[in-house]
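K.L.:
structure, please.
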Amino acid sequence: MAIARHFTELIVWQLADEHRVEVFRLTRRPQVHADLKLRSQLDDAADSVCRNLAEGFGCKDKEFARFVRIGRRSLNEVQDCFLSTMNKGYVTPEDLIPARRLHRRLYPAIASLLRTLDPGKP
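P.N.:
Just a heads-up that it's a prediction; the model follows:
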């Protein structure tokens, strides 16, 4: 079943791209930016969500689902990095509200796509 002609037409990719932009906004903050390892990990994990959706798009459904699951794991990594940024005092919970709103939209979008691509598997 064709769900889109290009990966950028996928709502889940569009949400992931918005999320990536929000992460980049946060990693430009001086304290986060100065923590090279954390900044790099956060930026890469946010990029990974989009990259995996794009890379998997050209595959058959079950293989695409594998890439979507990898992207979901990267989203989990972003969330964990956000905890690190708070624990280190770089950001407040309020600073993370826009990104967390996107998280709350991305997880169900990913789950919905996975149900379409690979019914019966979480």
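K.L.:
now for the helix ranked longest in the chain, which elements pack on it?
P.N.:
Criterion DSSP state H: the longest helix present in the chain is helix 61-87. Judged by 3 or more C-beta pairs under 8 Å, 6 or more residues apart in numbering; DSSP states H and E, the packing partners of helix 61-87 are helix 11-27, helix 36-57, helix 97-117. Yep, even glycine has a C-beta here, placed from its N, CA and C like the rest.
K.L.:
list the buried residues in it.
P.N.:
For helix 61-87, burial by neighbour count (16 or more other C-beta atoms under 10 Å) applies to 64-72, 74-75, 77-78, 81-82, 84-85.
K.L.:
can you give me the offset of stretch 8-26 from its chain's centre?
P.N.:
7 Å (C-alpha atoms, centre = their mean, to the nearest Å).
K.L.:
swap in stretch 18-35?
P.N.:
14 Å.
K.L.:
okay, buried residues for it please.
P.N.:
Buried residues in stretch 18-35, defined by neighbour count with 16+ other C-beta under 10 Å: 18-20, 22-23, 26-27, 32, 35.
K.L.:
which of the residues you listed sit farthest apart?
P.N.:
Among the buried residues of stretch 18-35, the pair separated by the greatest distance (C-beta to C-beta) is Glu18 and Asp35, at 23.7 Å.
K.L.:
touching the host helix or strand of His33 from outside, list them.
P.N.:
Secondary structure assignment for His33, by DSSP states H and E: helix 30-34. Contact partners of helix 30-34, identified using C-beta atoms under 8 Å, 6 or more residues apart in numbering, comprise 26-27, 38-39, 42, 85, 88-91.
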